[in-house]
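A.B. asks: this is a predicted model, with the sequence first.
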Amino acid sequence: MSHQPVILVTGASSGIGEAVARLFAREGYRVSMGARRLERLQALADEIESAGGQSIAVQSDLTRFEDIQRLISETLDQFGQIDVLLNNAGFGRIKWLEELDPMEDIQAQLQINLITTILVAREVLPHMIQRRSGHIINMGSMGGLVATPTYTIYSASKFGVRGFTEALRREVSVYDVHVSGIYPGAVNTEFKQHAGIDRKTGRTTPGSLRLEPEEVARGVLSVVRRPRRELIIPWQMRLTVWMNILFPGIVDRIIENRFTRLERDI
Ligand SMILES: NC(=O)c1ccc[n+]([C@@H]2O[C@H](COP(=O)([O-])OP(=O)(O)OC[C@H]3O[C@@H](n4cnc5c(N)ncnc54)[C@H](OP(=O)(O)O)[C@@H]3O)[C@@H](O)[C@H]2O)c1
């Protein structure tokens, strides 16, 4: 039996998940990875192995419950335990609600971002409760704390992730199982390629506030080392969160005048 801890990362084939898998492998974790693109997962697994680490790549479409169950059972068969779960797989389709396709954009986004997050946690939980240890970390977003136009469904999914995270933490802390939420601002990953963002104003998050996936990965590691309810990065985004809580009417007006009217050309 190995004493090396095990992390299970969903959506490890690119972006934040890939950076987390790489960082945790370097920190001595055995890494189990799930996503649809097997070649990408396998290349990362090979990289981890050749650096002396241990990992498995499990091709899985995590919108399918059988694939979720297989990812977890293969992880437990191979490594015997799961110490950390990073529930990270997801995507955003960032458009006006009336432009979103009911199935491809709306259902699919809620399915992977919210339902999959819930189901993966549910499948891993009995194992963690039995061991009286473990840490479930769910990938939220600034979109899960502050809702903005064109992010309706993404925000619905990530507010959902936050609600789920908060309630679950209070269900399982008595078993010494930690539950945390990570809420990053904009991160330079393939997210943008899938989002279909089309801005007349060209406005996006200023470069100085954009994160690299490695910075988010370091955030995840810090939450594992010192368990916290949540991590909002970059820290400047906390100001936006508080502004939105304290002065929602002002935020409504700023967004309407500086964004929605310009983008909708009204
Ligand atoms: N980038 C940002 O600005 C940002 C900000 C805040 C939060 N986030 C969140 O961070 C998480 C990771 O996103 P990212 O920015 O790293 O984007 P990314 O580079 O596009 O990575 C998304 C990952 O999710 C996986 N995935 C998507 N659908 C899947 C499915 N049906 N089954 C299995 N895996 C699936 C993808 O793998 P395959 O395509 O190979 O399946 C990929 O590994 C998401 O939850 C996202 O909402 C991103």
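C.D. replies: Yep, that arrived.
A.B. asks: tell me the contacts of residue 134?
C.D. replies: Residues near residue 134 by Cβ atoms under 8 Å, 6 or more residues apart in numbering: 82, 83, 84, 85, 124, 127, 128, 177, 178. In this view, the C-beta of every residue, glycine as well, is placed from N, C-alpha and C.
A.B. asks: doesn't residue 135 belong to a helix?
C.D. replies: No - going by DSSP: H, G, I helix; E, B strand; the rest coil, the assignment for residue 135 is strand, not a helix.
A.B. asks: so who does whichever residue of the stretch 51-200 of the chain sits closest to the ligand touch?
C.D. replies: Closest contact between the stretch 51-200 of the chain and the ligand, by Cβ to the nearest ligand atom, is at residue 90 (2.7 Å). Listed by Cβ under 8 Å, 6+ apart, the contact set of residue 90 reads 11, 109, 112, 113, 116, 117, 139, 157.
A.B. asks: doesn't residue 63 make contact with the first one?
C.D. replies: It refers to residue 11. No - contact criterion Cβ atoms under 8 Å: residue 11 and residue 63 do not qualify, at 11.8 Å.
A.B. asks: so the two - more neighbours on which side?
C.D. replies: Neighbours were counted for residue 11 and for residue 63 using other Cβ atoms under 10 Å; residue 11 has more, 25 against 16.
A.B. asks: spatially, which residue comes closest to the closest residue to the ligand within the chain, not counting chain neighbours?
C.D. replies: Going by Cβ to the nearest ligand atom, the ligand is nearest to residue 15 of the chain, at 2.1 Å. Nearest residue to residue 15, sequence neighbours excluded (Cβ to Cβ, 6 or more residues apart in numbering): residue 189, at 3.1 Å.
A.B. asks: can you check residue 215 too?
C.D. replies: Of all residues not flanking residue 215 in the chain, residue 233 sits nearest, at 6.9 Å (Cβ to Cβ, 6+ apart).
A.B. asks: isn't the one you found right next to residue 185, touching?
C.D. replies: Yes - taking contacts as Cβ under 8 Å, residue 233 lies within contact range of residue 185: 6.9 Å.
A.B. asks: which neighbours do those two share?
C.D. replies: In terms of Cβ under 8 Å, 6+ apart, residue 233 and residue 185 are both contacted by the residues residue 211.
A.B. asks: flag every residue of the stretch 51-200 of the chain that's near the ligand.
C.D. replies: Within the stretch 51-200 of the chain, the positions near the ligand by Cβ under 6 Å from any ligand atom are 60-63, 88-92, 112-113, 139, 141, 184, 186-187, 189-191, 194.
A.B. asks: mind listing what's buried in the helix or strand where residue 40 lies?
C.D. replies: Taking DSSP states H and E as the definition, one finds residue 40 inside helix 38-50. For helix 38-50, burial by neighbour count (16 or more other Cβ atoms under 10 Å) applies to 40, 41, 42, 44, 45, 48.
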